[in-house]
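Participant: Below are the sequence and a predicted model; questions follow.
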Amino acid sequence: MRQFTLYSRVYCSLCDVMLEALEKQQKTLPFEITVVDVDMDPALDEQYGELVPVLMDGTTEIFHYHFDEKRLHSYLQGL
């Protein structure tokens, strides 16, 4: 099963919306999500800063700011 990382932060409405959308997709698509709060690690905060939320598969960025259902499906089909 695919393991994605969602770089996020507390009190981020875009982050909440993306996580909710991803959780809905998990009902039909085979992937797991690990949520990482960038504010807990200065290096991650520097790397992702204002880009959050960012959905990553290892070192590959799938998308940031807004959930993109078509892009997620295309990405998973291409694996």
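Facilitator: Yep, it's here.
Participant: For residue 31, which residues are in contact?
Facilitator: Neighbouring residues of residue 31 by Cβ atoms under 8 Å, 6 or more residues apart in numbering: 1, 2, 3, 4, 25, 76. Heads up, the C-betas are built off the backbone N, CA and C, glycines and all.
Participant: Sort out which one of those residues lies nearest residue 49 for me.
Facilitator: residue 4 (19.8 Å; Cβ to Cβ).
Participant: Roughly how far does the closest one sit from residue 63?
Facilitator: Separation of residue 4 from residue 63 (Cβ to Cβ, to the nearest Å) stands at 11 Å.
Participant: which neighbours do the two share?
Facilitator: The contact sets of residue 4 and residue 63 overlap at residue 55 (Cβ under 8 Å, 6+ apart).
Participant: higher neighbour count, the two?
Facilitator: More crowded of residue 4 and residue 63, by other Cβ atoms under 10 Å: residue 4, with 20 against 15.
Participant: The helix or strand that contains residue 47 packs against which elements?
Facilitator: According to DSSP states H and E, residue 47 maps onto helix 42-48. If you count contacts as 3 or more Cβ pairs under 8 Å, 6 or more residues apart in numbering; DSSP states H and E, helix 42-48 packs onto no helix or strand.
Participant: which element is residue 5 on?
Facilitator: Secondary structure from DSSP H and E places residue 5 in strand 2-8.
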